[in-house]
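Novice: got a predicted structure plus its sequence, pasted below:
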Amino acid sequence: MDLKKLERILADQPAFRIKQARHFIFNELGNDWSEATTLPPLLRQKLNQEFPLNIESEFHKSKDGQSIKALITLHDGLKIETVLMSHADRESVCVSTQVGCALACTFCATGQMGFKRNLQVDEIVLQVLLWQRRLKKQQKKVTNVIFMGMGEPLLNYDNLLEAIKIMRSEQGFGLGTRRFSISTIGIVDKILKLADDEPEINLALSLHVSKDDIRKMLIPFHENYSLAELRQTMLEYLKKTKRKIMIEYIMIDGINDSIHDARNLAKWLKNMICVVNLIPYNQTGVYKPTPMAQIKEFKKVLTERGVEVTERYKMGEDIAGACGQLAGQNIEKNKKLA
Ligand code: SAH
């Protein structure tokens, strides 16, 4: 979906052709230019050769049918994941921004794959396009886009914002700015830049721990920032944007889930307008998930201290719901085949 390339291909055509072509891609959701009847047949042929619209993908459905994960093969053979989560009132898609990830979080499947490369703008957009095509058959549309797939969105900042711009435009999907959410490990300079550039986009912080030494253990990238610095950044972000942030907190048995941890977290969140999302840990490596009863206790401590808390339903766990697991599995498979 390199729209600049599309413009180049159509440079010798009347100006309205680009509009027609974009309409075919984003509104008609076509995947074969032969069906673009507004365009002359020769041009359709040329576009099919130079700007093919097919997306190489395989789908994995969860048992409850509420989420589907797609594994997309990119032009260079690398694979990325995107997930569609269907609810009564919305169709949310979880989108990747990088192949692999440089943060190396020890609890995350993507983190264990290492970093391959940033996704291009078109590679970010095509994940949503894939779901739009699928949902069209049910007369539905994507309503929310969440950058919580593989990679660290704020380390691919320019491409991320450009992709959002395309998806939001009237000639794109026409999605409102508040329909987009970015989840970050906490890249402080980029969080402040986002507050200036796009204050309406929702922000989620993958905090997971409120003690520096344990956060460094789970998130090696935390060497770059202290929790004090991160807290200052979030307060400044809130002052600038006047929005509510989401704090993501994966519950890992014996690591970050004690009553003391809950009290410490409540302290760290003081004066922050936020909602804490307690996420059951999806076992991908050495750690174990916190038992449900302990999650309830943890939640109680936060609630008593005036912190708003939600619990994320373990949707799609049976299709390897957590970030990076499917692409990771595939790498394993390929390794075995090699
Ligand atoms: N780098 C960004 C985006 C990656 S998605 C970030 O860190 O926010 C990160 C989110 O994926 C986490 O907040 C968590 O919600 C989820 N996640 C990753 N590994 C997980 C696991 N093993 N179990 C449950 N959730 C996981």
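Specialist: On my side now, so go ahead.

Novice: for stretch 167-177, the distance to its chain's centre please.
Specialist: In terms of CA atoms, centre = their mean, to the nearest Å, the centre of stretch 167-177 is found 17 Å from the chain centre.

Novice: stretch 274-281 now?
Specialist: Distance, centroid of stretch 274-281 to centroid of chain: 16 Å (CA atoms, centre = their mean).

Novice: does that stretch reach the ligand?
Specialist: Yes: with CB under 6 Å from any ligand atom as the measure, stretch 274-281 is seen reaching the ligand through 279, 281. Glycine gets a C-beta too; all of them are placed from N, C-alpha and C.

Novice: contacting residues around residue 84?
Specialist: By CB atoms under 8 Å, 6 or more residues apart in numbering, the residues touching residue 84 are 67, 68, 69, 70, 91, 92, 93, 94, 131, 134, 135, 142.

Novice: in helices, which of these fall?
Specialist: 131, 134, 135 (DSSP state H).

Novice: who wins on neighbours among those?
Specialist: residue 131 (23 neighbours; other CB atoms under 10 Å).

Novice: nearest the middle, which residue of this structure would you pick?
Specialist: residue 147 (2.1 Å; CA atoms, centre = their mean).

Novice: need the pLDDT of that residue.
Specialist: As predicted, residue 147 sits at a pLDDT of 94.

Novice: same question for residue 205.
Specialist: For residue 205, the predicted pLDDT is 96.

Novice: does it lie in a helix or a strand, and which?
Specialist: Assigned by DSSP states H and E, residue 205 falls within strand 202-206.

Novice: and that strand, what other elements does it pack with?
Specialist: strand 180-184, helix 227-241, strand 245-251 (3 or more CB pairs under 8 Å, 6 or more residues apart in numbering; DSSP states H and E).

Novice: okay, the residue nearest to the centre of the chain and residue 25: tell me how far apart.
Specialist: 21 Å (CB to CB, to the nearest Å).

Novice: repeat that for residue 5.
Specialist: 12 Å.

Novice: the more surrounded of the two?
Specialist: Just comparing residue 5 and residue 25: by other CB under 10 Å the higher neighbour count belongs to residue 25, 24 against 12.

Novice: which residues does the nearest residue to the more buried one once chain neighbours are set aside contact?
Specialist: In space, residue 25 comes closest to residue 53 once its chain neighbours are excluded; the distance is 6.7 Å by CB to CB, 6 or more residues apart in numbering. Residues in contact with residue 53 (CB under 8 Å, 6+ apart) are 25, 30, 31, 32, 33.

Novice: what's the neighbour count on the second one?
Specialist: Taking other CB under 10 Å as the criterion, the count of residues near residue 30 is 17.

Novice: I'd guessed it sits against residue 38; true?
Specialist: No: here residue 30 lies out of contact with residue 38, judged by CB atoms under 8 Å, at a distance of 10.7 Å.

Novice: where do the contact lists of these two overlap?
Specialist: The contact lists of residue 30 and residue 38 share residue 24, where a contact means CB under 8 Å, 6+ apart.

Novice: helix/strand/coil for residue 276?
Specialist: Under the three-state scheme (DSSP: H, G, I helix; E, B strand; the rest coil), residue 276 adopts strand.

Novice: and the angle from the strand holding residue 205 to strand 180-184?
Specialist: 20 degrees (axes from the mean of the first three to the mean of the last three CA atoms, to 10 degrees).

Novice: next structured bit after strand 202-206?
Specialist: That would be, after strand 202-206 and using DSSP H and E, helix 212-218.

Novice: tell me which helix or strand the residue nearest to residue 25 sits in.
Specialist: With DSSP H and E as the test, residue 53 turns up in no helix or strand.
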